[in-house]
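Engineer: Predicted model follows, preceded by the sequence.
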Amino acid sequence: MTAAMDITIRKAETSKLKDINLENLPFGRYFTDHMLEADYENGEWKNVEIKPYQPLLLEPSLASLHYGQAIFEGIKAYKNSDGEAFIFRPQDNFRRFNISAERMQMPAVPEEIFMDGMNKLIALDKNWIPAKFDHSLYIRPFMFSADPVIGVRPSETYKFMIILSPTGPYYSAPMRIYVEEHFVRASPGGVGYAKAAGNYGAAMYATAQAKTKGYDQVLWMDAIEHKYVQECGTMNVFFIIGNKAITPGLEQGTILDGVTRQSSITLLQEMGFIVEERDLGIDEITDAYKSGQLHEVFGTGTAATISLIKELKYKNFEMKFDVEKWKTAPMLKSWLTDIREGRREDKYGWMQKID
């Protein structure tokens, strides 16, 4: 890490924590006492400050509101049984953030602002990390164009921020998934690999349509032939077929290089699985189901961690699973949770301690 930047800190006079029940937390509803804010102007980052969480004063002509030049990341912090705080693989999110920034024609955020600022912010609000199984502090770094100008071009000014939110489990129950054959999440040459805000807005209509049919999310297919698996909702997706764990490859740039995906690949290999990152067609999936070789299907992501899929519907064909008998996905989730909460050895150096 580069030398720490001088970050101004203004503390909140009182804490909101006394009014929040950390035992029953919806995702992304409550936010901690402080936030980080930095401005990009005239080719440099300035005004780096941690201050009380508060509304922003923005111009109606703000470029990001009109043209969607905005990116974000999702990271989590945890407490172990000794009350020590750790962040899970933040360097990977930092690298991915700037990959997204490059794709969206935005300035790179320096490591000393992103990493050191995040560490100082979490240290200040460390008491907000729930000391409870499968709970965490969700970390949301984001950046948006800040020019008060209506014009289709990259902005000259930007705002980078980090906010924090205590959270419980994202998907508490196994999901029913609808295989989407018409709408697409991303196409080759697009921004599917970037964590761009517009990717998520564009996905909402198809997801809403699936929910009217009784499903929780959609399984996205490729944009050209509509037969190769992409992502599941806002998650990466894995299929346990025979003795292999198969997940779509990243080569076409249509799939997010998920940090939980990377971690799952490592742990599945440790479990003894052959892990394949490749094109996976829906016909191969249905054939594996019919032959009894499709054992488990699950999504991976920062918010969801490991989310079990109990049903897939493709056309008129329903694939249903008895998730109570599953071993791999529950073990994977247990291993990840135990590493994050300090009950299992962090042999890969994934946890970064907050002083």
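Structural biologist: Arrived safely, thanks for sending.
Engineer: okay, stretch 98-107 in CSV with CA atoms only?
Structural biologist: Extracted in CSV, the C-alpha atoms of stretch 98-107 (Å, rounded to 0.1, in the frame of the first residue of the first chain):
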residue,chain,number,x,y,z
ASN,A,98,-10.6,0.8,-11.0
ILE,A,99,-11.2,-1.7,-13.8
SER,A,100,-14.8,-0.5,-13.8
ALA,A,101,-13.6,3.1,-13.7
GLU,A,102,-11.5,2.7,-16.8
ARG,A,103,-14.4,1.1,-18.7
MET,A,104,-16.7,4.0,-17.8
GLN,A,105,-14.1,6.6,-18.6
MET,A,106,-13.7,7.7,-15.0
PRO,A,107,-10.5,8.6,-13.1
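Engineer: how about that stretch: buried residues?
Structural biologist: Going by neighbour count (16 or more other Cβ atoms under 10 Å), the buried part of stretch 98-107 is 98-101, 103-104, 106-107. From N, CA and C alone the C-beta is placed, and that goes for glycine too.
Engineer: so of those residues, which ones are in strands?
Structural biologist: With DSSP state E as the criterion, strands contain none of the buried residues of stretch 98-107.
Engineer: I'd like to know which of these is nearest to residue 248.
Structural biologist: The closest of the buried residues of stretch 98-107 to residue 248 turns out to be residue 99 (Cβ to Cβ; 18.2 Å).
Engineer: Confirm for me that that closest one is in contact with residue 194.
Structural biologist: Yes: assessed by Cβ atoms under 8 Å, residue 99 is found in contact with residue 194 at 6.9 Å.
Engineer: Next, the distance between the ends of stretch 311-319.
Structural biologist: End-to-end distance for stretch 311-319, by Cα to Cα, to the nearest Å: 6 Å.
Engineer: Average pLDDT for it, rounded please.
Structural biologist: With pLDDT averaged residue by residue, stretch 311-319 scores 97.
Engineer: tell me which residues of that stretch are tucked away?
Structural biologist: So for stretch 311-319, counting by 16+ other Cβ under 10 Å, buried means 311-314, 319.
Engineer: and what of stretch 337-355?
Structural biologist: Residues of stretch 337-355 classed as buried: 337, 339-342, 350-352, 354 (neighbour count, 16+ other Cβ under 10 Å).
Engineer: Which members of those occur in helices, if any?
Structural biologist: Applying DSSP state H to the buried residues of stretch 337-355, the entries found in helices are 337, 339-340.
Engineer: What is the nearest of those residues to residue 137?
Structural biologist: For these, the nearest to residue 137 is residue 340 (11.3 Å; Cβ to Cβ).
Engineer: surely the closest one meets residue 136?
Structural biologist: Yes: here residue 340 reaches residue 136: they are 7.4 Å apart, a contact under Cβ under 8 Å.
Engineer: which residues do these two both contact?
Structural biologist: The contact sets of residue 340 and residue 136 overlap at 76, 78 (Cβ atoms under 8 Å, 6 or more residues apart in numbering).
Engineer: quick revisit: any chance of the ones in helices among the buried residues of stretch 337-355 in JSON lines with distance to residue 269 and pLDDT as columns?
Structural biologist: Converted to JSON lines, those look like this (distance: Cβ to Cβ, whole Å; pLDDT from 0 to 100):
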{"residue": "337", "distance to residue 269": "19", "pLDDT": "94"}
{"residue": "339", "distance to residue 269": "15", "pLDDT": "96"}
{"residue": "340", "distance to residue 269": "19", "pLDDT": "95"}
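Engineer: buried stuff in the longest helix along the chain?
Structural biologist: Identified as the longest helix of the chain according to DSSP H is helix 197-212. Going by neighbour count (16+ other Cβ under 10 Å), the buried part of helix 197-212 is 197, 199, 202-203, 206-207, 210.
Engineer: and the one helix or strand residue 246 maps to, what does it pack onto?
Structural biologist: In the assignment (DSSP states H and E), residue 246 maps to strand 244-247. Identification of packing neighbours for strand 244-247 by 3 or more Cβ pairs under 8 Å, 6 or more residues apart in numbering; DSSP states H and E yields strand 236-241, helix 259-271, strand 274-277.
Engineer: orientation of the first one relative to helix 259-271 in degrees?
Structural biologist: By that I understand strand 236-241. Orientation check (axes from the mean of the first three to the mean of the last three Cα atoms, to 10 degrees): strand 236-241 against helix 259-271 gives 20 degrees.
Engineer: And for residue 177, the neighbour number?
Structural biologist: Using other Cβ atoms under 10 Å, residue 177 is surrounded by 25 other residues.
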